[in-house]
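Colleague: Provided below for reference: sequence and predicted model.
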Amino acid sequence: MLLDFVIQLSKIVLLLFIIFGTFGNIFNLLIFTRPALLRSACTLYFIAASIDNLLALYTAVLLRLMTDAFAIDIGSISNPLCKVRVYVGYIALSLSPYCFILACFDRYCSSSTSVQLRSWSNRKTAKKCILGAIIASLVLYSHIPVGFKLEKLGSAIVCYPQSGVYNFFWRISYIVIYCFAPCICMAVLCLLTIFNIRRQSKQIQPTSMSTTTSAAMSTAVRLSRTHRRIDRNLVQMLFTQVLSQLLFILPFAIVSLAELFVDTTTQAFIVSKRFFTIPLFASYATSFYLYTMSSPVYRKEFLSIVSCVKQTYERGRTVASSLSMCNS
C-alpha cells in the first residue's frame, strides 16, 4: 500500500518537475545571457548547469517517469540501449553538481585577497573548466558501458550493474563521485568564500570610512559598486543552490550507502529509496525559483524580460488592430 502511494506520488511530482523545470531552466538561460549578468565568469557556470539540467530532465527524469507511469523502460529493450541510457543519464545527472563546484571555486578565487587567485576568476578559465568537467564526467563514468547489461531480476528484465565485484565497485564509486564528493567540495568552498568575504569587508571598511569624497560618485566607482552588487547576488544565488543541493542529494546518498549493509529486498528499503529519489531530481528543476527568491538582481532581470515581452505583445496588437482598421 505504501509502495503504491510512493509510486503514484513519484508520477505526479516527476511530471511537475519536467514541466516547471523546463520553463525554469529556459528562463535561467534567458536571464543569465543578459548583459548585466553575462560579464561575470561565474555566470557561465550557471548557464552550463541550466543546460545540463534540461538534459537531465529529459534523459533521466523523463525516462524514470516513463518507467513508473507507463512501464516503458527503453533500457530493457537491448544491451546497447541499456548501456547508452545509463551512461548518458548519469553523465547528465553529474555535470550540474560539478558546475556548481566550479562556481563555488570561482567565487572563492574572486573573493580572495591573493592577486594570483583572483586572476583565475575570468571567462576564459571558466570555459576551460566547464570543458574539463565534461571530459572528467565522460572518463569517470566510462566503465558503465562495460559494467552494465540486461539481467533478469525476478520476473523482469532490467538494465543493471553486473553482479559481483563490479556491482560493489559501482555502488561505492557512485556514492563517492556523485553524492558525497560534490557535497563536501561545495560546502568547503562556500565556507572558504564566506571567510574571504568577511576578511575583505574588515579590510575595506576603514578605507571606506576615510574616503568620503566627491570622487566616490565618479562613473568608475559607480560601475565598481554595480559589479560588486551583482557579485554579491551571484554569491547569494550560489549559496542557496548549494544548500538545496545538500538537502536534495544527502538523503539519497545516505540511503544508497545503507544499501551496502542492509537487505535491499525489504519493502521498507524499497519505499525509502523510491521516496528519497524524488528530491534528488528536484535539484534539476527548482533552480529558477530559488534564484528568484534569493536574488534581487535576478528578479529585476526576470521582470525586465517579462516587461519586454509584454511591450512587444502590445505593439504587435496595436499594429494588428491598425492593419485591420486600414483593411476595413
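Modeller: All right, it came through fine. Numbering: from 1, shown residues only.
Colleague: which ones are touching the closest residue to residue 189 other than its chain neighbours?
Modeller: Once flanking residues are discounted, residue 189 sits nearest to residue 104: 3.7 Å by Cβ to Cβ, 6 or more residues apart in numbering. C-betas here are computed from N, CA, C, even on glycine. Taking Cβ atoms under 8 Å, 6 or more residues apart in numbering, we find residue 104 in contact with 185-186, 189-190, 193, 238, 242.
Colleague: A helix includes residue 262, no?
Modeller: No: assigned with DSSP: H, G, I helix; E, B strand; the rest coil, residue 262 falls outside any helix and is coil.
Colleague: what's the distance between the closest residue to it other than its chain neighbours and residue 281?
Modeller: Of all residues not flanking residue 262 in the chain, residue 269 sits nearest, at 6.1 Å (Cβ to Cβ, 6+ apart). In this view, residue 269 and residue 281 are 19 Å apart by Cβ to Cβ, to the nearest Å.
Colleague: quick one: which of these two has more around it?
Modeller: Taking other Cβ atoms under 10 Å, residue 269 and residue 281 do not tie; residue 281 has more neighbours (24 against 15).
Colleague: Work out for me the element that one sits within.
Modeller: In this structure, residue 281 sits in helix 267-282 according to DSSP states H and E.
Colleague: residue boundaries of the helices in the stretch 151-300 of the chain?
Modeller: In the stretch 151-300 of the chain, the segments counted as helices under DSSP state H, counting those that start in this stretch are 165-174, 181-210, 219-258, 267-282, 287-294, 296-327.
Colleague: Let me know which of those helices is tucked in deepest.
Modeller: Of those, the one with the most neighbours on average (mean count of other Cβ atoms under 10 Å) is helix 287-294, at a mean of 19.
Colleague: related to what we said a few turns ago, what about the helix holding residue 281, distance to the chain center?
Modeller: Mean-position distance between helix 267-282 and its chain equals 20 Å (Cα atoms, centre = their mean, to the nearest Å).
Colleague: As PDB, could you dump the C-alpha coordinates of it?
Modeller: Extracted in PDB, the C-alpha atoms of helix 267-282 (Å, rounded to 0.1, in the frame of the first residue of the first chain):
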ATOM      1  CA  GLN A 267       9.600  -3.200   1.400                       C
ATOM      2  CA  ALA A 268      10.800  -0.600   3.900                       C
ATOM      3  CA  PHE A 269      14.100  -0.200   2.000                       C
ATOM      4  CA  ILE A 270      12.400  -0.100  -1.500                       C
ATOM      5  CA  VAL A 271       9.900   2.500  -0.300                       C
ATOM      6  CA  SER A 272      12.700   4.600   1.300                       C
ATOM      7  CA  LYS A 273      14.900   4.500  -1.900                       C
ATOM      8  CA  ARG A 274      12.000   5.400  -4.100                       C
ATOM      9  CA  PHE A 275      10.900   8.200  -1.900                       C
ATOM     10  CA  PHE A 276      14.300   9.800  -1.500                       C
ATOM     11  CA  THR A 277      14.900   9.600  -5.200                       C
ATOM     12  CA  ILE A 278      12.200  12.200  -5.700                       C
ATOM     13  CA  PRO A 279      14.000  15.100  -4.000                       C
ATOM     14  CA  LEU A 280      17.200  14.100  -5.800                       C
ATOM     15  CA  PHE A 281      15.600  15.000  -9.100                       C
ATOM     16  CA  ALA A 282      14.200  18.300  -7.600                       C
END
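Colleague: So which elements touch it?
Modeller: helix 2-32, helix 219-258 (3 or more Cβ pairs under 8 Å, 6 or more residues apart in numbering; DSSP states H and E).
Colleague: please redo it, this time with the cut-off set to 10 Å
Modeller: helix 2-32, helix 62-70, helix 219-258 (3 or more Cβ pairs under 10 Å, 6 or more residues apart in numbering; DSSP states H and E).
Colleague: report the angle between the axes of it and helix 219-258?
Modeller: Helix 267-282 and helix 219-258 are oriented at 160 degrees to each other (axes from the mean of the first three to the mean of the last three Cα atoms, to 10 degrees).
Colleague: got the angle for helix 267-282 vs helix 62-70?
Modeller: With the same axes, to 10 degrees as the basis, helix 267-282 and helix 62-70 are set at 130 degrees to each other.
Colleague: Please list all residues in contact with residue 18.
Modeller: Residues near residue 18 by Cβ atoms under 10 Å, 6 or more residues apart in numbering: 57-58, 61-62, 65, 281, 284-285.
Colleague: Buried ones from those residues, can you make that a PyMOL selection?
Modeller: When burial is assessed using 16 or more other Cβ atoms under 10 Å, the buried subset of the contacts of residue 18 is captured in PyMOL by this command:
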select buried, resi 57+61+65+281+284+285
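Colleague: and of the contacts of residue 18, the nearest to residue 273?
Modeller: Closest approach between the contacts of residue 18 and residue 273, by Cβ to Cβ: residue 281, at 13.2 Å.
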